[in-house]
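# let's see this in three dimensions:
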Amino acid sequence: MGISTISSRLFNQQVSAAKKLAEKGPVYITDRGEPAHVLMTFQEYKKLTGTRRNIQDALSMAGVADIDFDPQRVNIDFRDVDFS
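Modelled structure (predicted):
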């Protein structure tokens, strides 16, 4: 897996070439010589971010209504604050 670097100007002119480079590894896209963006395949992005789900996705799963969930009630006591 190689890392490639191209300028944003070249990226704008040759998007398909940049996409082909991304198949081999991440492509750094520079603005005025400084790395500004990274192009990678969606599969590599998924590997990088893992398979984490958000709460909305988890609650919308089939059969979630059948799961017993009875959390304990938490009592939060308030206390006086001294601002002196």
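# so where's the protein shaky on pLDDT?
Per-residue confidence for the chain (pLDDT under 70) gives these ranges: 1, 51-53.
# please repeat the previous calculation with a cut-off of 80.
Under the criterion of pLDDT under 80, the regions of the chain flagged as low confidence span 1, 50-67, 69.
# all the helices of it, residue numbers only.
Chain-ordered helices for the chain, with DSSP state H as the definition, fall at 8-13, 15-22, 42-49, 55-59.
# packing partners of the first one?
If I follow you right, that is helix 8-13. When contacts are defined as 3 or more CB pairs under 8 Å, 6 or more residues apart in numbering; DSSP states H and E, helix 8-13 sits against strand 27-31, strand 34-39. For glycine as for every other residue, the C-beta is placed from the backbone atoms N, C-alpha and C.
# which residues touch the last one?
Put plainly, it is strand 34-39. Under the criterion CB atoms under 8 Å, 6 or more residues apart in numbering, residues Thr5, Ser8, Phe11, Ala18, Lys19, Leu21, Ala22, Pro26, Val27, Tyr28, Ile29, Thr30 lie in contact with strand 34-39.
# need the max-distance pair from those.
Taking CB to CB, the two most distant members of the contacts of strand 34-39 are Lys19 and Thr30; they sit 17.1 Å apart.
# grab the most central residue of this structure for me.
Most central in the chain under CA atoms, centre = their mean is Thr49, positioned 5.3 Å from the mean C-alpha point.
# ok, now which ones touch that one?
By CB under 8 Å, 6+ apart, the contact list for Thr49 is empty.
# ok, now how distant is it from Arg9?
Distance from Thr49 to Arg9, counting by CB to CB, to the nearest Å: 29 Å.
# with Gly25 instead?
Using CB to CB, one obtains 21 Å as the distance from Gly25 to Arg9.
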